[in-house]
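> My questions are about this predicted structure, shown below with the sequence.
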Amino acid sequence: MENRPDLLTLASLAVVAYALANVVHEGLGHAGTCILVGGKPQVLSSMHFEGDTEGLPPLADRLVAAGGTVANLIAAAVALPFLRRGRDRSPATWLFAWIFASVNLMQATGYPLFSGVGNIGDWSAVTRGWSPTWLWRLMLAAVGGISYLLAVRWAMTALAGRLEETGPARVKAAYAYTFTPYLVGCALYVVAGLLNPAGLMLVAVSAVASSLGGTSGFAWGPQLLHDPDIPSATGPVPALARNWGWVAAAAVVGLAFIIVLGPGVHFHPGR
């Protein structure tokens, strides 16, 4: 990736990757788990999920809360085969898989840290009522912080394998591939969140936290590439060129994400 990537295509990859990662977390993770444990989905949006687990044991609520993180980890694992033998993949396919895997990993590992520090969110619900509270919060923060650093290092190491530069030039080149997805993904989540009738507080706690905070590794992660022990590409790698197919896909996915999941989908069991 000696040349700079096409920014429109890179932004398009980010829109699809961030939108799908969100659907994985809220839809497949929370809503899917709710159905599996016998609950009834009520509201699904880009920022939250509500389900009816009345009559089920308390464990059901804990499983639903943990389901989002588990789904993100599974999604990242599914994307890994597309990152192997990277030279055999088109730049667009490889970068999409990399952004998708990175977003899922960062959101999955960052959530325990977020819940441990703020005592809110999914993992706060998982550990609610467990004593001593301070110890569980400390454990969540520690596990989340360490795993998040490892996730970001993995993401940057994978990206470095597609960069020909070394030293400070490699860090600058990496930012060309991380900063645009970060800004675009954050904007997508916040715009969709502003359509949610739940109010601005939920936007700050969910949309802003999961994007600006949850994927902040894209903003500072390239600094890790000052480490000479992280290898660069061993040969020329094609740069990301304009791909109108991905641009069209991003337009469809982005609009659907904002218009449908922004306000939220309300389910009416029995109708």
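Right, received. Where do you want to start? Numbers count the residues shown, from 1 in each chain.
> can you map out the strands along the stretch 1-150 of the chain?
Here the stretch 1-150 of the chain has its strands, by DSSP state E, counting those that start in this stretch, at 40-44, 49-52.
> What's the per-residue pLDDT of the most centrally placed residue in the chain here?
Closest to where the C-alpha atoms of the chain average out (C-alpha atoms, centre = their mean) is residue 103, at 3.1 Å. The model reports residue 103 with a pLDDT of 97.
> cool, the one 10 residues further on as well?
Per-residue confidence at residue 113 stands at 92 (pLDDT).
> List the single closest residue to it in space, sequence neighbours excluded.
Counting by C-beta to C-beta, 6 or more residues apart in numbering, the nearest residue to residue 113 once its immediate chain neighbours are dropped is residue 144, at 2.9 Å. From N, CA and C alone the C-beta is placed, and that goes for glycine too.
> Contact partners for that neighbour?
109, 110, 111, 112, 113, 114, 115, 116, 123 (C-beta atoms under 8 Å, 6 or more residues apart in numbering).
> Include neighbour count and distance to residue 175 when you put the residues you listed into CSV, please.
Output for these, formatted as CSV (neighbours: other C-beta atoms under 10 Å; distance: C-beta to C-beta, whole Å):
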residue, neighbour count, distance to residue 175
109, 25, 22
110, 25, 20
111, 28, 25
112, 27, 27
113, 23, 24
114, 24, 25
115, 24, 29
116, 22, 29
123, 26, 31
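> Export those residues to TSV and append columns for distance to residue 222.
TSV is the format used below for the contacts of residue 144 (distance: C-beta to C-beta, whole Å):
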residue	distance to residue 222
109	18
110	18
111	23
112	24
113	20
114	22
115	27
116	26
123	28
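> Go through these and name the one nearest residue 161.
Nearest to residue 161 among those, counting by C-beta to C-beta, is residue 109 at 21.0 Å.
> Please report the distance of that closest one from residue 130.
21 Å (C-beta to C-beta, to the nearest Å).
> where does residue 201 land on pLDDT?
69.
> now residue 81
pLDDT, residue 81: 89.
> Just want to check the distance between it and residue 93.
Distance from residue 81 to residue 93, by C-beta to C-beta: 12 Å.
> what's the answer for residue 213, then?
28 Å.
> cool, and residue 189?
Noted for residue 189: a distance of 24 Å to residue 93, by C-beta to C-beta.
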